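Enquirer: Give me a 3D structure for the following:
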Amino acid sequence: MLPTNNRTSLAGEATVLGVNIMQEIGFIGAGNIAEAIIYGLRQAGGKYNLRVVNRSNGARLADLADRYQIIPASLAELVQSSEVILIAVKPKDVPGVLETLAGPELSSGLNDQLIISVAAGIQIATLEKSLPGMAVVRAMPNTSSAVLHSVTGLVRGHEADEDHVRMAEKIFSSVGQILWLPESRMNALMALSGSGPAYFYLFTECLVQAGVELGLREEDAEMLSRETLIGVGKMMAESGKSPGRLRQEVTSPNGTTIEALQVFWAANLKGIVREAAEACARKGQEMEGEYSG
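Expert: Next up, the predicted model:
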């Protein structure tokens with residue numbers, strides 16, 4: 001395990017014996033979620049050395065290096081240099097990554113790092129079986145990390161101590177809110193917040209299209225829909241009122257809003273949303289079964 005006197009706040013610079021040092025985080029994978037977290041960490045103002053390895057696209061690493069000052073690295077360099085190793089590849093690629101990390105060329109470099117996986121369907125047991133003795137955390141952020149408004153679900157592995165917990169919290173609280181939960185609830189969280197941004201994007205797309213069909217210019221319809229969604233989010237975050245209460249406050253009897261809501265109710269919007277969330281959670285369970293071996 002990492003010595004506690006050398007591991008300090010990942011929200012900014014660490015101080016060891018009076019000397020400021022950069023925090024070392026390594027990303028395996030350079031896709032959308034990795035970029036969102038990297039961008040969020042930069043926006044949050046902390047000082048980090050962010051190393052990134054990407055198996056298949058050197059141009060992608062060059063682009064990230066130009067925009068976010070990441071350090072392109074080999075996997076061996078990343079393992080040797082990082083306090084935290086964040087696995088951010090597609091779920092189907094995680095078994096190969098774990099096998100490589102546990103192989104003879106790299107396993108000697110795995111000592112006291114914290115391993116975090118953000119891949120859907122990869123359970124703590126899978127991580128710990130592949131990397132015995134290592135501290136692991138399972139995380140489910142979303143792409144709103146890029147604007148510091150992710151909600152990240154976190155599951156603690158058996159070898160993760162309080163310092164590892166704080167390290168994970170520092171990273172993900174830098175890009176939004178965090179929620180520790182039992183692993184049995186991770187698919188439910190994924191169905192709401194992990195995949196949730198896409199639901200709101202889809203609804204907004206539909207609203208924009210409706211506005212165009214009602215005669216608005218597309219750019220105007222997009223601005224109106226976007227700003228309305230942002231305002232609604234702020235109202236829910238800042239008013240202290242439930243979504244139901246806020247809906248009631250903008251819905252007058254015999255008014256225009258109730259006419260629209262009745263269409264949603266007639267189409268069983270509640271049932272559609274529930275069915276979509278259940279499908280998402282069910283897919284997460286299927287993926288857990290697929291990758292548990």
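
Enquirer: now the stretch 1-150 of the chain, which segments are flagged as low pLDDT?
Expert: 1-21 (pLDDT under 70).

Enquirer: now the helices: where do they sit in it?
Expert: 32-44, 58-68, 75-81, 94-102, 124-130 (DSSP state H, counting those that start in this stretch).

Enquirer: by contact count, what packs against the third one?
Expert: Okay, so that is helix 75-81. With contacts defined as 3 or more CB pairs under 8 Å, 6 or more residues apart in numbering; DSSP states H and E, helix 75-81 has these neighbours: strand 23-28, strand 48-53, helix 94-102. Any C-beta I mention is one placed from the backbone N, CA and C, and that applies to glycine too.

Enquirer: now do 6 Å
Expert: strand 48-53 (3 or more CB pairs under 6 Å, 6 or more residues apart in numbering; DSSP states H and E).

Enquirer: and the angle from the strand it packs on to strand 23-28?
Expert: 20 degrees (axes from the mean of the first three to the mean of the last three CA atoms, to 10 degrees).

Enquirer: Tell me the strands beside strand 48-53, with direction?
Expert: Sheet pairing for strand 48-53, assigned by DSSP bridges, gives strand 23-28 (parallel), strand 71-72 (parallel).

Enquirer: Could you give the average pLDDT over the longest helix along the chain?
Expert: Longest helix in the chain, counting residues (DSSP state H): helix 269-291. Averaged across helix 269-291, pLDDT comes to 97.

Enquirer: From the chain's centroid, how far away is it?
Expert: Here helix 269-291 is found 18 Å from its chain centre; the criterion is CA atoms, centre = their mean, to the nearest Å.

Enquirer: Quick check, F27 in contact with A34.
Expert: Yes. Contact criterion CB atoms under 6 Å: F27 and A34 qualify, at 5.0 Å.

Enquirer: so what's in contact with those two at the same time?
Expert: Common contacts of F27 and A34 (CB atoms under 6 Å, 6 or more residues apart in numbering): A88.

Enquirer: the more surrounded of these two?
Expert: The residue with more neighbours, out of F27 and A34, is F27; 29 against 24, by other CB atoms under 10 Å.

Enquirer: Could you measure from the more buried one over to S174?
Expert: 14 Å (CB to CB, to the nearest Å).

Enquirer: now A267
Expert: Counting by CB to CB, the gap from A267 to S174 is 40 Å.

Enquirer: now do I230
Expert: 22 Å.

Enquirer: okay, those two: which has more neighbours?
Expert: Counting neighbours by other CB under 10 Å for I230 and for S174 shows that S174 has the greater number, 23 against 10.

Enquirer: List the buried residues of the longest helix of the chain.
Expert: For helix 269-291, burial by neighbour count (16 or more other CB atoms under 10 Å) applies to A277, C280, A281, K283, G284, M287, E288, Y291.

Enquirer: Equivalent analysis for stretch 124-131, please.
Expert: Buried, per 16+ other CB under 10 Å, within stretch 124-131: I124, T126, L127, E128, S130, L131.

Enquirer: Next: stretch 216-236.
Expert: Those would be L216, A221, E222, S225, for stretch 216-236 by 16+ other CB under 10 Å.

Enquirer: Please apply the same query to stretch 56-67.
Expert: Going by 16+ other CB under 10 Å, stretch 56-67 has these buried residues: R60, L61, L64.

Enquirer: residue contacts, the residue lying closest to E286 once chain neighbours are set aside?
Expert: Nearest residue to E286, sequence neighbours excluded (CB to CB, 6 or more residues apart in numbering): G121, at 7.8 Å. Residues in contact with G121, defined by CB under 6 Å, 6+ apart, are P91, G284, M287, E288, Y291.

Enquirer: Of all the helices of the stretch 1-150 of the chain, which one comes closest to E238?
Expert: For the helices of the stretch 1-150 of the chain, the distance to E238 is smallest for helix 32-44, at 20.8 Å, taking CB to CB.

Enquirer: Send over the closest one as PDB, restricted to the C-alpha atoms.
Expert: Provided in PDB are the C-alpha atoms of helix 32-44 (Å, rounded to 0.1, in the frame of the first residue of the first chain):
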ATOM      1  CA  ASN A  32     -14.600  10.300 -24.900                       C
ATOM      2  CA  ILE A  33     -14.900   9.600 -21.200                       C
ATOM      3  CA  ALA A  34     -11.100   9.800 -20.700                       C
ATOM      4  CA  GLU A  35     -11.100  13.200 -22.500                       C
ATOM      5  CA  ALA A  36     -14.000  14.400 -20.400                       C
ATOM      6  CA  ILE A  37     -12.200  13.600 -17.100                       C
ATOM      7  CA  ILE A  38      -8.900  15.000 -18.400                       C
ATOM      8  CA  TYR A  39     -10.600  18.200 -19.500                       C
ATOM      9  CA  GLY A  40     -12.500  18.400 -16.200                       C
ATOM     10  CA  LEU A  41      -9.400  18.000 -14.100                       C
ATOM     11  CA  ARG A  42      -7.700  20.800 -16.100                       C
ATOM     12  CA  GLN A  43     -10.700  23.000 -15.700                       C
ATOM     13  CA  ALA A  44     -10.800  22.300 -11.900                       C
END
